[in-house]
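>>> Just a sequence and a predicted model for now, questions to come.
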Amino acid sequence: MKKIIILIYILLMPFSLYADKGIRFEHGTTWSETLSKAKAEGRLVFVDFYTDWCGPCYNMAKTVFTLYETGEFFNSHFVNAKIDAEKGEGVELARRYNVRSYPTYLFIDPNTEEAVHRSSGWQEPETFIWTAQSALDPQLRSTTLLSRYEAGDRDREFLISYIRYNSSVYKREPVQQAFKQLIDGGASLTEPEIWDLYDQCVSGNFSWTRYVSDNHDLLCRHIGKEKVDAKLARETRFATPQQMQQLCEFDGKRFNVAWTEASALHTAKEYEKAAAAIDAIIADTTFNRQEIVERLGYIARQGMYGAPTDFWFDKCVEYLRFIAYNNTDRDDARIHYDYARALETVARRAAEGKTPPPCLLARPAVGKKFYDTHPDDLKQKPSRKKQ
């Protein structure tokens, strides 16, 4: 019997280690009580200011706050509080700390009740933990970074930290300005550290894109063609044909040009020409299929909100089916919702005498032939022949 109990304990131990994963927030306590606890433990208070209608707040709570690594860091260093900015004490606290967007993250010194670090918005788990790490370092706190920049500090390492912070809170203009100052101060994109900073934090500036294109060979030697071309491809997703003509050849350029042309036809409401252009992109096996799926979603979903012609409605159903069959992220609920909604609309139109889209009556000509949630990289279990 004793051996059985020990065996059960060993089997359940991994689950018990992770049972309390994620950030542990204070519940049923007043703000005063939260501050008192933080004072007693010698910790900062981390506050997630949210509202119950905020999409990014909901997403962070479901996908980032619940991660084991997130909980491990926050629970070890902070007293954590979730405060609805529109209810109870939250209304006055949001006013006191000048919270105007959601989610807003504050790190508060319980002794002074002052916010020493501020951040906001949806963040990748790595960025969110970096935000918390910055709150623990007085030199990386937002209050310090902003005051040093205002005072004229342009030290290289300081500017790097300042750029990363502003990028984490989606402040593009300060990022652009500080990055130019960093380069003017002697930093170079040929340095891996500076390239990574540019790659991760600087976007939407065509002058930098053109600079990378003009120095393509040099940067490829120092950084690597795959990284350089990937950045150029991301930065030119919505570039105009005139802008694309100014750039060198790189992996991803041909796809971006083709998609820009197809998108322009769609915007001009030339639906048959747009469909022909999109179909050609889908059929081109040299293009990344997942990239097609991600770009196609916006156009196809628009068609469900009132396609102007039966032809375009049918094509949008066909495209939503292509996305549902070929999206590599099988856990993305949006693709299944969109396809189910399209089929529901088809059924409703059929009841009104409309002919179902021809694509639903045959197997897809391109891509996967069946609709399932089986991950692409998970092999099928081999069938066993009866003896």
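That came through, no problem.
>>> What's the local residue count around the closest residue to residue 89 other than its chain neighbours?
The shortest distance from residue 89 to any non-neighbouring residue, by Cβ to Cβ, 6 or more residues apart in numbering, is to residue 31 (5.3 Å). From N, CA and C alone the C-beta is placed, and that goes for glycine too. Residue 31: 20 surrounding residues under other Cβ atoms under 10 Å.
>>> Then residue 145?
Counted with other Cβ under 10 Å, residue 145 comes out at 22.
>>> in the stretch 51-200 of the chain, which spans are strands?
78-84, 104-109, 114-120 (DSSP state E, counting those that start in this stretch).
>>> what's next to the first one, contact-wise?
Applying Cβ atoms under 8 Å, 6 or more residues apart in numbering, the contact partners of strand 78-84 are 23-26, 29, 31, 34, 37-38, 41, 43-52, 61, 74, 89-90, 93-94, 107, 110, 132, 135.
>>> Reformat the strands of the stretch 51-200 of the chain as TSV; add mean neighbour count, distance to residue 348 and mean pLDDT.
Formatted as TSV, the strands of the stretch 51-200 of the chain follow (neighbours: other Cβ atoms under 10 Å; distance: least, Cβ to Cβ, whole Å; pLDDT from 0 to 100):
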stretch	mean neighbour count	distance to residue 348	mean pLDDT
strand 78-84	22	38	97
strand 104-109	23	42	98
strand 114-120	20	41	97
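>>> how about TSV for those strands, with distance to residue 353 added?
Below are the strands of the stretch 51-200 of the chain laid out as TSV (distance: least, Cβ to Cβ, whole Å):
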stretch	distance to residue 353
strand 78-84	49
strand 104-109	52
strand 114-120	51
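>>> Nearest to residue 272 among those would be which one?
strand 114-120 (44.5 Å; Cβ to Cβ).
>>> Just the buried positions in stretch 123-135, please.
By neighbour count on 16 or more other Cβ atoms under 10 Å, the buried set for stretch 123-135 is 123, 127, 128, 129, 130, 131, 132, 134, 135.
>>> State the separation between that stretch and the centre of the chain it belongs to.
Relative to its chain's centre, stretch 123-135 lies at 14 Å (Cα atoms, centre = their mean, to the nearest Å).
>>> Give me the pLDDT for the most centrally placed residue in the chain.
Residue closest to the average C-alpha location in the chain (Cα atoms, centre = their mean): residue 124, at 6.7 Å. At residue 124, the model reports a pLDDT of 93.
>>> Ok, residue 18 next?
Taking residue 18 on its own, its pLDDT is 42.
>>> Now go through the buried residues of stretch 123-135 and say which are in helices.
For the buried residues of stretch 123-135, membership in helices holds for 127, 128, 129, 130, 131, 132, 134, 135, with DSSP state H as the criterion.
>>> measure the residue nearest to the second one when sequence neighbours are not counted to residue 351 for me?
Looking back up the chat, that one is residue 128. Counting by Cβ to Cβ, 6+ apart, residue 128 lies nearest to residue 64, which is 5.6 Å off, once chain neighbours are set aside. Remark: distance between residue 64 and residue 351 (Cβ to Cβ, to the nearest Å) = 43 Å.
>>> Could you do residue 88 as well?
48 Å.
>>> out of the two, which sits in the busier spot?
A direct count of neighbours by other Cβ under 10 Å for residue 88 and residue 351 places residue 88 higher, at 12 against 8.
>>> and residue 50, backbone torsions?
Main-chain dihedrals, residue 50, degrees, to the nearest 10: phi -140, psi 170.
>>> roughly how far apart are it and residue 33?
According to Cβ to Cβ, residue 50 and residue 33 sit 20 Å apart.
>>> Between the two, tell me which one has more neighbours.
Just comparing residue 50 and residue 33: by other Cβ under 10 Å the higher neighbour count belongs to residue 50, 23 against 11.
>>> What's the local residue count around the residue nearest to the more buried one when sequence neighbours are not counted?
The shortest distance from residue 50 to any non-neighbouring residue, by Cβ to Cβ, 6+ apart, is to residue 57 (3.8 Å). A total of 22 residues lie near residue 57 under the criterion other Cβ under 10 Å.
>>> I figured residue 57 hits residue 102, correct?
Yes. If you go by Cβ atoms under 8 Å, residue 57 and residue 102 touch, sitting 5.4 Å apart.
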